[in-house]
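Peer 1: can't give you the sequence, but here's the structure:
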């Protein structure tokens, strides 16, 4: 075997480049060996973020519901939506009678068919005018409808041991001391970066019903103080952002009862950062240290934006 071939074989066994052997010239033994990094840096991981939409008071089958549904569909097709959150009073004038009630097709499935994301659901007072348990049962029928129990929580990303967001859904129609204890325990056990409470009746509101129309604040406030970042609710048919800065229980209250039912006027209130009596939806984008909420009218126009940092 020739000298050059022996040299090339030796270089190959040592893991060095054989390019100079292949092009017919022997490598210079005085050239330094190529540098190899045994621990290459991993590709950068993009920051985790979520985007979802929310509204309540929607199941009317009227043009106003169609308009909001169209605006949400357009928004999700343009921006992407991980899920939706429905804030109660899901069917008017009464809730569904069963899991086969025609309202499922006429007021939910057909109207939101352009949205592929799942809908997480809250129960409202009008849902109790029908068979509210049928709304829980429909979760086993439709892949788009997520109401596993009257009260539950959902983490995002799903199944994560260190979630970016956890949403705690409660049934404000039937919130008692046992429900308050269960909510407090769930909040204490959560290690999510962001915690949002979702219920139908607002804790604070400058709409027609006003504060605490469900008469549960005395049970609810002690278990959520210093533990939730925001509260999402419907019941009053308007957009409203209220920030109670005078108490020791700071959180942002957003009322989004704007999904299709007749609108309510907004009363003057020193806690109101923004109010608007219009149909539409809210969109939330959440990152590890940043939350952005936007109110959008049913024509898609941006009405208001709020940013919260941690």
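Peer 2: Right, received. Where do you want to start? What you see is a predicted model; the values in this text were computed from it and never measured.
Peer 1: what sits against the closest residue to residue 209 other than its chain neighbours?
Peer 2: In space, and not counting its chain neighbours, residue 209 is closest to residue 236: 5.3 Å by CB to CB, 6 or more residues apart in numbering. Placement of C-beta: from N, CA and C, glycine included. Residues near residue 236 by CB atoms under 8 Å, 6 or more residues apart in numbering: 202, 205, 206, 207, 208, 209, 255, 257, 264.
Peer 1: next one: phi and psi at residue 279?
Peer 2: phi -80, psi 150 (degrees, to the nearest 10).
Peer 1: Please apply the same query to residue 121.
Peer 2: phi -130, psi 140.
Peer 1: which SS class is residue 107?
Peer 2: State at residue 107, reduced to three classes by DSSP: H, G, I helix; E, B strand; the rest coil: helix.
Peer 1: Pretty sure it sits against residue 94.
Peer 2: No - using CB atoms under 8 Å, residue 107 is not in contact with residue 94; the gap is 11.7 Å.
Peer 1: Among those two, which residue is more densely surrounded?
Peer 2: residue 107 (22 against 14; other CB atoms under 10 Å).
Peer 1: Distance-wise, check residue 244 relative to residue 89.
Peer 2: Counting by CB to CB, to the nearest Å, the gap from residue 244 to residue 89 is 24 Å.
Peer 1: So between these two, which is more surrounded?
Peer 2: Higher neighbour count among residue 244 and residue 89: residue 89, with 29 against 16, using other CB under 10 Å.
Peer 1: quick one: pLDDT of the residue nearest to residue 121 when sequence neighbours are not counted?
Peer 2: Distances taken as CB to CB, 6+ apart put residue 147 closest to residue 121, at 4.0 Å, once the chain neighbours are dropped. On pLDDT, residue 147 comes in at 98.
Peer 1: and residue 147, how many residues sit next to it?
Peer 2: 22.
Peer 1: what sits against it?
Peer 2: 120, 121, 123, 135, 136, 138, 139.
Peer 1: hmm, try it at 6 Å
Peer 2: Taking CB atoms under 6 Å, 6 or more residues apart in numbering, we find residue 147 in contact with 121, 135, 136, 139.
Peer 1: and those residues, which of them are in strands?
Peer 2: Mapping the contacts of residue 147 onto strands (DSSP state E) picks out residue 121.
Peer 1: and which of the contacts of residue 147 is nearest residue 301?
Peer 2: residue 121 (26.8 Å; CB to CB).
Peer 1: now the residue nearest to the spatial centre of the chain: how far from residue 220?
Peer 2: Nearest to the mean C-alpha position of the chain, by CA atoms, centre = their mean, lies residue 52 at 4.2 Å. The gap separating residue 52 from residue 220 is 23 Å, by CB to CB.
Peer 1: Also residue 254?
Peer 2: Distance from residue 254 to residue 220, by CB to CB: 16 Å.
Peer 1: what are the ranges of the helices in the stretch 201-310 of the chain?
Peer 2: Ranges of helices in the stretch 201-310 of the chain, per DSSP state H, counting those that start in this stretch, are 217-224.
Peer 1: which residue ranges form the strands in it?
Peer 2: Using DSSP state E, counting those that start in this stretch, the strands of the stretch 201-310 of the chain run over 230-233, 239-243, 252-256, 272-276, 280-287, 290-297, 302-309.
Peer 1: Pull up the pairing partners for the fourth one, direction included.
Peer 2: Read that as strand 272-276. Applying DSSP bridges, strand 272-276 is found paired with strand 239-243 (antiparallel).
Peer 1: relative to strand 302-309, how tilted is the partner strand?
Peer 2: 30 degrees (axes from the mean of the first three to the mean of the last three CA atoms, to 10 degrees).
Peer 1: Report the buried residues of strand 239-243.
Peer 2: Neighbour-count burial for strand 239-243, counted by 16 or more other CB atoms under 10 Å, picks out 239, 240, 241, 242, 243.
Peer 1: I'd like the mean pLDDT over it, please.
Peer 2: 97.
Peer 1: starting at the chain centroid, how far to it?
Peer 2: In terms of CA atoms, centre = their mean, to the nearest Å, the centre of strand 239-243 is found 18 Å from the chain centre.
Peer 1: same check, this time on stretch 61-81
Peer 2: 16 Å.
Peer 1: per-residue confidence averaged over that stretch?
Peer 2: Mean predicted lDDT for stretch 61-81 stands at 98.
Peer 1: And for stretch 282-300?
Peer 2: 98.
Peer 1: try stretch 164-174
Peer 2: In the prediction, stretch 164-174 has an average pLDDT of 98.
Peer 1: What separation do you get for residue 79 and residue 122?
Peer 2: 23 Å.
Peer 1: Which one of these two is surrounded by more residues?
Peer 2: Higher neighbour count among residue 79 and residue 122: residue 122, with 29 against 11, using other CB under 10 Å.
Peer 1: you'd agree that one is up against residue 89?
Peer 2: No - if you go by CB atoms under 6 Å, residue 122 and residue 89 don't touch, sitting 9.1 Å apart.
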